[in-house]
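Colleague: Fold the stuff below for me.
(chains A, B, C and D)
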Number of protein chains: 4
Amino acid sequence: MTETTPGWLSSDELEMTRARMPILYVEAVPVRVDDSGEVTSVGVLLRIGPDGTVSRTLVSGRVLHHERVRDALLRHLEKDLGPVALPRVPTSLQPFTVAEYFPTQGITPYHDPRQHAVSLAYIVPVTGDCRPRQDALDLVWFSPQEAVSEAVQSEMPGGHGVLLKQALAHAGCVI
Amino acid sequence: MTETTPGWLSSDELEMTRARMPILYVEAVPVRVDDSGEVTSVGVLLRIGPDGTVSRTLVSGRVLHHERVRDALLRHLEKDLGPVALPRVPTSLQPFTVAEYFPTQGITPYHDPRQHAVSLAYIVPVTGDCRPRQDALDLVWFSPQEAVSEAVQSEMPGGHGVLLKQALAHAGCVI
Amino acid sequence: MTETTPGWLSSDELEMTRARMPILYVEAVPVRVDDSGEVTSVGVLLRIGPDGTVSRTLVSGRVLHHERVRDALLRHLEKDLGPVALPRVPTSLQPFTVAEYFPTQGITPYHDPRQHAVSLAYIVPVTGDCRPRQDALDLVWFSPQEAVSEAVQSEMPGGHGVLLKQALAHAGCVI
Amino acid sequence: MTETTPGWLSSDELEMTRARMPILYVEAVPVRVDDSGEVTSVGVLLRIGPDGTVSRTLVSGRVLHHERVRDALLRHLEKDLGPVALPRVPTSLQPFTVAEYFPTQGITPYHDPRQHAVSLAYIVPVTGDCRPRQDALDLVWFSPQEAVSEAVQSEMPGGHGVLLKQALAHAGCVI
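Modeller: Model prediction:
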């Protein structure tokens, strides 16, 4: 069945578009902060891909037609962390970085074999209870030191480990 | 004739995609700076639209498939300012803001009747000789004070005037 | 009585130092945000100066010796908004701007006749009950549109009106 | 001889002030960039301290009374890189981070036994010929990969290695 609502793409159309256009994404690094705003831990999703491989990743997803970046962030945070995570979406849309995922490796630190995706990346404090859903298996909270360790970084392919380090660098953590 | 190279869209495909996906843009505010990096003037394009209306605008355009944001910036700067403008593309891709142009007015300060465009906006010092090309009629350099005046702002529809003010606010100019 | 604890300056010492060194300040623009992080209103203090003049201002104050910027922000937010304002200090210390207040007018948009102060400026969402204390008479919440109006701006001397506009520009509000 | 010009501190006064106030610094990470603004190499100073220890460091120094941050950056860049380095001071004073050097270790990633210094940190492309002067022995250009290597990082005490990583993270380099 082909989806025909404007703003929604059928699978075929999405495949076609992915071969022709950069796809706009948002990415969120969920963190716990103390009263002074300092990051105390960072949330990483444990995910099983379509081919059964296990990997660690961040909250991310497409921005839809006629959807604000803020609403896309909220939607993907709820999708990945559940409805009571109580995320604090930033007041400014200025991202800490723009991550460019290319289907070809080596152009940037990021890589996505499916598509050319350009991702606006934000640090998002969450204060509620996180209950991963959908394809996410589990959410693990790491200290900043653990998050940049070789063990965790080696399980974050496609440049997500680099993005996590960039987030922690932006937050002023030792990296 | 239909363009069939992957990464390029035919007119029909572009129309279809514009109705289904947010389109990624880059936007540059060209500025002259003094030796200390302070903005002394800002470049605004005088443009004639398809319907003959005259308006003032900034350097902007789509990011193509498999094109880096940096290269899209360079391409549009050369398209709008000519080959010897000598733009200094920022070292960091962190934009000063993300402008969301919706086909519906009032959702954000920005509006584009053709499409939902999401634009990464940068301040770009240019040191060379600017020679507008293509559909741009002229490039006018304004002082920051002139640029935020009602006279100039009223000729910058679709929220481009707001974006110009945001750029000057980011640069520390009186707005 | 002269304060002699290291990290605290007597009035005389503060006067002397103000004539010799730039003094480090933090400044906070208190805002109310909706669930998507968008600014809905901005808090401005109504303050009576030592000479009886009434003016509107933002939360601000010095950073003390051996005090973190985060802790200085918290201290001044509590001093000006009371103990249950529940401010959300940003995760990153990257300010939206650095405001340079010079004793001489016209060097920057900011001016402080008492001193050369350099201020790190942050947008700080507050979710609790604000009860201004000390020399602050009242806290008034304005819509972003009201905050940039001539009426409010004309009551914010020393460049604080410019700083407020910069904060709203950074937050993506119409300015 | 005691310096008595306002805005200048005698050695004794500087010692006294350092024990009572945070001292405002600027810090610059000199980089070479290609035409698209991407960082290709980063400049690190090889410095001999007062006690004869060799260490690698970045361009840094105090902001003086009545001196703009931009002018302090230019002054220290010229002091450390010579008069023909042709630095491109950023158009915006928004630093990529604020580094807080405490005399006590462990409060932040940064440490300065002499004082509590708060440093505004900027990435500064330089296009000219760099000729280190004064107490700087040499300027070495590293690739981003070399700059974050254990060999270089271990020679950058006081958190300067962390700051260099933060700069490269902000510039989108692999760290």
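Colleague: show me the contacts for A:Leu86.
Modeller: A:126-128 (Cβ atoms under 8 Å, 6 or more residues apart in numbering or on different chains). Any C-beta I mention is one placed from the backbone N, CA and C, and that applies to glycine too.
Colleague: again, but for A:Gln94
Modeller: Contacts of A:Gln94 (Cβ under 8 Å, 6+ apart): B:94-98, C:170.
Colleague: Need the buried ones from the contacts of A:Leu86 selected in PyMOL.
Modeller: To isolate in PyMOL the members of the contacts of A:Leu86 that are buried, counting by 16 or more other Cβ atoms under 10 Å in any protein chain shown, one can use:
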select buried, chain A and resi 126
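Colleague: contacting residues around the longest helix along chain A?
Modeller: Taking DSSP state H as the criterion, chain A has its longest helix at helix A:69-81. The contact list for helix A:69-81, computed with Cβ under 8 Å, 6+ apart, reads A:26, A:28, A:30, A:43, A:45, A:59-64, A:67, A:85, A:87, A:89, A:93, A:120, A:122, A:124, A:126, A:130-134, A:136, A:139, B:98, B:100, B:118, C:35-38.
Colleague: How about stretch A:147-163?
Modeller: A:27, A:29, A:42, A:44, A:54-58, A:97, A:99, A:101, A:108-112, A:121, A:142, A:146, A:164-165, A:168, A:175, D:174-175.
Colleague: Make a PyMOL selection of the buried ones in the residues you listed.
Modeller: Selecting just the buried residues from these in PyMOL takes one command, with 16+ other Cβ under 10 Å as the test:
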select buried, (chain A and resi 27+29+42+44+56+57+58+97+99+101+108+109+110+111+112+121+142+164+165+168+175) or (chain D and resi 174+175)
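Colleague: Can you tell me which of the contacts of stretch A:147-163 end up in strands?
Modeller: Among these, DSSP state E puts A:27, A:29, A:42, A:44, A:54-57, A:97, A:99, A:101, A:110-111, A:121, A:142 in strands.
Colleague: Which members of those are the farthest-apart pair?
Modeller: A:Val54 and A:Thr97 (25.9 Å; Cβ to Cβ).
Colleague: Just give me the closest of the contacts of A:Leu86 to chain D.
Modeller: A:Val126 (22.3 Å; Cβ to the nearest Cβ).
Colleague: ok, that closest one touching A:Ala28?
Modeller: No: assessed by Cβ atoms under 8 Å, A:Val126 is found out of contact with A:Ala28, at 9.0 Å.
Colleague: out of the contacts of A:Leu86, which one sits closest to A:Ser11?
Modeller: Nearest to A:Ser11 among the contacts of A:Leu86, with distances taken as Cβ to Cβ, is A:Val126, at 31.5 Å.
Colleague: roughly how far apart are A:Met16 and chain C?
Modeller: As for A:Met16, its distance to chain C is 31 Å (criterion: Cβ to the nearest Cβ, to the nearest Å).
Colleague: What of A:Leu93?
Modeller: For A:Leu93, the distance to chain C - Cβ to the nearest Cβ - is 6 Å.
Colleague: Likewise for A:Asp51?
Modeller: For A:Asp51 relative to chain C (Cβ to the nearest Cβ), the value is 34 Å.
Colleague: Just to check, A:Val59 is in contact with A:Pro30?
Modeller: Yes: in this structure, A:Val59 is within contact of A:Pro30 by Cβ under 8 Å, at 6.1 Å.
Colleague: what angle sits between the helix-or-strand element of chain A with minimal mean pLDDT and helix B:11-18?
Modeller: When the helices and strands of chain A are scored by mean pLDDT, DSSP states H and E, helix A:11-18 comes last with a mean of 79. Taking axes from the mean of the first three to the mean of the last three Cα atoms, to 10 degrees, one finds helix A:11-18 and helix B:11-18 inclined to each other by 110 degrees.
Colleague: So which elements touch helix A:11-18?
Modeller: helix B:11-18 (3 or more Cβ pairs under 8 Å, 6 or more residues apart in numbering or on different chains; DSSP states H and E).
Colleague: Quick one: residues in contact with the helix it packs on.
Modeller: Contacts of helix B:11-18 (Cβ under 8 Å, 6+ apart): A:13, A:16-17, A:20-21, B:2, B:9, B:23, B:114-116.
Colleague: Please list the residues of chain A that sit near chain D.
Modeller: Within reach of chain D by Cβ under 8 Å from any Cβ of the partner chain, chain A has these residues: A:97-98, A:108-109, A:162, A:165-166, A:169-170, A:172-175.
Colleague: how about a cut-off of 10 Å?
Modeller: By the rule Cβ under 10 Å from any Cβ of the partner chain, the part of chain A lying against chain D is A:38, A:94, A:96-100, A:108-110, A:148, A:159, A:161-163, A:165-175.
Colleague: Distance check, A:Val29 against chain B.
Modeller: 15 Å.
Colleague: hang on, I meant A:Cys130
Modeller: In terms of Cβ to the nearest Cβ, A:Cys130 sits 26 Å off from chain B.
Colleague: ok, back up a step: buried residues in the least confident helix or strand of chain A?
Modeller: A:13-14, A:16-18.
Colleague: low pLDDT regions in chain A?
Modeller: Filtered on pLDDT under 70, chain A yields the residue ranges A:1-8, A:134-136.
Colleague: Let's see that with 80 instead.
Modeller: Across chain A, the ranges flagged by pLDDT under 80 are A:1-10, A:13-16, A:19, A:48-50, A:52, A:54, A:133-137.
Colleague: residue in it nearest to chain D?
Modeller: A:Ala169 (3.7 Å).
Colleague: Now for the residue lying closest to that residue once chain neighbours are set aside, how many residues are close by?
Modeller: Leaving aside its chain neighbours, A:Ala169 sits nearest to D:Ala169 (3.7 Å; criterion: Cβ to Cβ, 6 or more residues apart in numbering or on different chains). By other Cβ atoms under 10 Å in any protein chain shown, 27 other residues sit near D:Ala169.
Colleague: close enough to count as contact, D:Ala169 and D:Val39?
Modeller: No: at 11.1 Å, D:Ala169 does not count as touching D:Val39 under the criterion of Cβ atoms under 10 Å.
Colleague: Mind listing the shared neighbours of the two?
Modeller: Residues touching both D:Ala169 and D:Val39 (Cβ atoms under 10 Å, 6 or more residues apart in numbering or on different chains): B:92, D:144.
Colleague: surely A:Glu146 meets A:Val174?
Modeller: No: with contact defined as Cβ under 10 Å, A:Glu146 does not count as touching A:Val174 (11.8 Å).
Colleague: show me what contacts the residue nearest to A:Ala169?
Modeller: Counted by Cβ under 10 Å, 6+ apart, D:Ala169 has contacts A:96-97, A:162-163, A:165-170, A:175, B:92, D:96-97, D:144, D:148, D:175.
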